[in-house]
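Colleague: Give me a 3D structure for the following:
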Amino acid sequence: MKPLRPLAKDDYKPLYIQLADRIVEYIKDNHLNPGDLLPSQNELLDYYGISEMTVRHTMLRLTTEGIIERIRGVGTFVAHPKIREQIESIQSLEERLSKLGKKIRNTFLEAEKAYPSDRERKDLQLTEGGQTLRIRRLKMMDDSVFAIETRHIPLEIIARFSQEEIETRPFLELFNRYDDIRVNMISYITRAALLTDFEAEAMKVSSEQVALNQYGIFYNKEKKPVMIGRLTYLADKIELQYTIADNSSHIAPIE
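Modeller: So this is what the prediction gives:
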């Protein structure tokens, strides 16, 4: 194995960027494959004699870029390629990824009546005190978790579907059976996020794991919201690609 190259103290690049470059070189020079073991954080500390903060910044950078993946208590590995999900039309996650040859399975966690937060209630246009059914499911691919789904659906809408459908089927597929709740538009906000304790425990990862939170409001053709909620992705498993077209003349504003 070719060793890691030394860092240059007088280089214009910060040490954590230099270290990231050295690790990428190490992977290429040694022809490492996804899943191959890499030097641990402690080994890098001993080898280079640099600060723990520098190594942590490097690891976070490489994890976010999809170059490495870290399994707590196990080690640091060359990452498997991320799924690149392209969002360009109203389709379920399952349908979009099936076009990439990926089969997605929902694993049901819980469903319970809930009082949504003030923001969620306003996004759903519910009156104060209005309830939803909050549904949580894991998104599985090849028996590996890559996201957790949390949805709020008004009680009168979710009552149309069976328990088995709620637990396993894509919600867009269910809603499209009915003209009055067929999803005609989705408003997304995607941001970096910390996992909640519930999400980390359900996905069996550290609460420090880098995540992407995709919050959506789903509207019918009358621009009335029929569902809200989020998909929280493990950032080392997926990246989102958006295609935006200028079709503003065909979209009516939301009142």
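Colleague: Could I get the buried residue list for the one helix or strand residue 113 maps to?
Modeller: Using DSSP states H and E, residue 113 sits within strand 104-114. Residues 104, 106, 107, 109, 111 are the ones in strand 104-114 that count as buried (16 or more other CB atoms under 10 Å). The C-beta positions use only the backbone N, C-alpha and C, and glycine is treated the same way.
Colleague: who's in contact with the fourth one?
Modeller: So the one you mean is residue 109. Going by CB atoms under 8 Å, 6 or more residues apart in numbering, residue 109 touches 136, 137, 138, 148, 202.
Colleague: before we move on, the earlier item: which neighbours in the sheet does the strand holding residue 113 have, and how are they oriented?
Modeller: strand 132-141 (antiparallel) (DSSP bridges).
Colleague: I'd like the distance from the strand it pairs with to the chain centre, please.
Modeller: Here strand 132-141 is found 13 Å from its chain centre; the criterion is CA atoms, centre = their mean, to the nearest Å.
Colleague: likewise stretch 208-222?
Modeller: For stretch 208-222, the distance to the chain centre is 10 Å (CA atoms, centre = their mean).
Colleague: between the buried residues of strand 104-114, which is nearest residue 65?
Modeller: Using CB to CB, residue 104 is the member of the buried residues of strand 104-114 that lies nearest residue 65, at 24.1 Å.
Colleague: residue contacts, the closest one?
Modeller: Counted by CB under 8 Å, 6+ apart, residue 104 has contacts 93, 94, 97, 98, 139, 140, 141.
Colleague: Export the contacts of residue 109 to JSON lines and append columns for neighbour count and distance to residue 161.
Modeller: Formatted as JSON lines, these follow (neighbours: other CB atoms under 10 Å; distance: CB to CB, whole Å):
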{"residue": "136", "neighbour count": "18", "distance to residue 161": "16"}
{"residue": "137", "neighbour count": "23", "distance to residue 161": "14"}
{"residue": "138", "neighbour count": "18", "distance to residue 161": "19"}
{"residue": "148", "neighbour count": "24", "distance to residue 161": "20"}
{"residue": "202", "neighbour count": "19", "distance to residue 161": "22"}
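Colleague: Look at residue 123 and say how many residues are nearby.
Modeller: Neighbour count for residue 123, taken as other CB atoms under 10 Å: 20.
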